[in-house]
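Q: Mind folding the following:
(chains A and B)
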Amino acid sequence: NAGVTQTPKFQVLKTGQSMTLQCAQDMNHEYMSWYRQDPGMGLRLIHYSVGAGITDQGEVPNGYNVSRSTTEDFPLRLLSAAPSQTSVYFCASSYSGGPAFFGQGTRLTVV
Amino acid sequence: GENVEQHPSTLSVQEGDSAVIKCTYSDSASNYFPWYKQELGKRPQLIIDIRSNVGEKKDQRIAVTLNKTAKHFSQHITETQPEDSAVYFCAASTNNNDMRFGAGTRLTVKP
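A: Predicted coordinates for the structure are as follows:
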């Protein structure tokens, strides 16, 4: 039981490049979320999903897309990377009304 | 959307003293309030949680309280130890599991 797995752990992008951060969970959780963590700002919700085929925007969705074609996977797409998207990204999953379980994080630098 | 505020942002205590972290939330629909501990370079880990039908919960040296009327919740760590040093986050969530986090409290326990 691996829990929540994120890839890659580290990534450097050039401004304007696109990429996908992968997230997979094996706990059969309905809910999945993406957060970004910046110094002094805690964890800010980017997008979340309450089940396969259903996604919604969080606090800071601009510049990011998500899809949820299966229960297990919830990839986050950066369409055109900007230096302001330099951050640590965490994927999380949870059951209804339960705590979020986090992946190990992806440290992204946009130059 | 939900807004969670957390105070203080930094807290330094002597080993053996107590540490108190306070949070407020804005959305009266929030019904689940977890607390996370994050050590440097690691993912946030759940340490304790409380639901809206409970006023207080205790787990060993950690106690959490919830005042639904005032939209306040807090965490109290007793007999602090150096290994309690970390960043602590409070969070609030509705039935949609769109969990929102406070900005975090950096706790330092001096031996």
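Q: how about the strands of chain B, start to end?
A: With strands called from DSSP state E, chain B shows them at B:4-7, B:10-14, B:19-25, B:32-38, B:45-51, B:56-59, B:62-67, B:72-77, B:86-92, B:100-101, B:105-110.
Q: Out of those strands, which gets nearest to residue A:3?
A: strand B:45-51 (11.4 Å; Cβ to Cβ). Using the backbone N, CA and C atoms, a C-beta is placed for each residue, glycine as well.
Q: between that closest one and strand B:86-92, how big is the angle?
A: Angle of strand B:45-51 versus strand B:86-92, following axes from the mean of the first three to the mean of the last three Cα atoms, to 10 degrees, is 30 degrees.
Q: neighbours of residue B:37, just the number please.
A: 18 (other Cβ atoms under 10 Å in any protein chain shown).
Q: who's in contact with it?
A: Residues near residue B:37 by Cβ atoms under 8 Å, 6 or more residues apart in numbering or on different chains: B:44, B:45, B:47, B:86, B:87, B:88, B:89.
Q: Would you format those residues as TSV with neighbour count and distance to residue A:3 included?
A: What follows is the contacts of residue B:37, written out as TSV (neighbours: other Cβ atoms under 10 Å in any protein chain shown; distance: Cβ to Cβ, whole Å):
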residue	neighbour count	distance to residue A:3
B:44	29	13
B:45	13	11
B:47	19	17
B:86	21	20
B:87	19	21
B:88	24	21
B:89	24	19
